[in-house]
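J.: Got a predicted structure here, sequence first:
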Amino acid sequence: MEQVLVATVNSIGWMLGLTFLGLGIGIGILGSKVAEAVGRNPETKSDIVHSIMTILIVLAIFLLLIFAFTFLLLFYNPLVI
């Protein structure tokens, strides 16, 4: 039983770490492309910012779902009998 708990906590650590790494890299690339797009065409700044905020809201919802899944695994682990 202890091995299952250790494997679960290890997997949760990897899952959260890779999630934050991917989100950080993705948001960084997204920000650079937004700056590039606004620099090329400043008149469309409002449209670009609205679309980027929509994407960031979807990413935040994804992050909250990852946290919910993590807490589900931590406190209601189906592998522990």
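T.: Thanks, I have it.

J.: okay, CA-based contacts and neighbour counts for the rest of this
T.: Noted.

J.: Scan this protein for its longest helix.
T.: helix 2-40 (DSSP state H).

J.: avg pLDDT for that helix?
T.: Mean pLDDT, helix 2-40: 91.

J.: And the next helix or strand past it?
T.: helix 45-75 (DSSP states H and E).

J.: still on that earlier bit, now the angle from the longest helix of the chain to helix 45-75?
T.: 180 degrees (axes from the mean of the first three to the mean of the last three Cα atoms, to 10 degrees).

J.: chain center to helix 2-40, what's the gap?
T.: 5 Å (Cα atoms, centre = their mean, to the nearest Å).

J.: Report all helices and strands that it contacts.
T.: helix 45-75 (3 or more Cα pairs under 8 Å, 6 or more residues apart in numbering; DSSP states H and E).

J.: residues near the closest residue to I12 other than its chain neighbours, how many?
T.: Excluding the flanking residues, the one nearest I12 by Cα to Cα, 6 or more residues apart in numbering is T70, at 6.3 Å. Counted with other Cα atoms under 10 Å, residues neighbouring T70 total 20.
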